[in-house]
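quick one, what's the 3D model for this:
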Amino acid sequence: MSNSEENHKEKHEQDKSTNFHIIINASAFEVPGPKITYRDLVNLAFPGDPGEIIYLTQYVAPHLPDGGLQDGESINLENGVKFDVTPTNRS
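Residues are numbered from 1 along each chain as shown. As a prediction, the model looks like this:
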């Protein structure tokens, strides 16, 4: 295999999304990375949500500081991240 063929193959492998194993509300999911958004989490936790409810989204990760996401935000994924997505009392 030539150098250009090897470089093309490596680039193709890097372009492919990596799947990550995460937990949302105690259920296991495999999702493409490298990032996940607030809206992605809500759609996984509450399929069919019309988008009118505000959710509290918190996470705990093996190598990231604990945190939360708000609408419009995203985080880089790593295997084993645990998310809690709960509806708030406001809409």
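
list the contacts for the residue most central in space within the chain?
What sits nearest the mean C-alpha location of the chain, by C-alpha atoms, centre = their mean, is I36, with 2.8 Å. Shown in contact with I36 (C-beta atoms under 8 Å, 6 or more residues apart in numbering): I22, S74, I75, L77. (C-beta placed from N, C-alpha, C; glycine too.)

again, but for E78
For E78, the contacting residues are F20, A61, P62, H63, L64, taking C-beta under 8 Å, 6+ apart as the criterion.

give me the phi and psi for it.
Taking degrees, to the nearest 10, you get phi -150, psi 150 for the backbone angles of E78.

and if you look at L69?
Dihedral angles of L69 (phi, psi; degrees, to the nearest 10) stand at phi -120, psi 140.

is it in contact with Y55, as I believe?
No: when contacts are counted by C-beta atoms under 8 Å, L69 is not listed as touching Y55 (9.1 Å).

more neighbours, the two?
Set side by side, L69 and Y55 give different neighbour counts by other C-beta atoms under 10 Å, the larger being at L69 (22 against 19).
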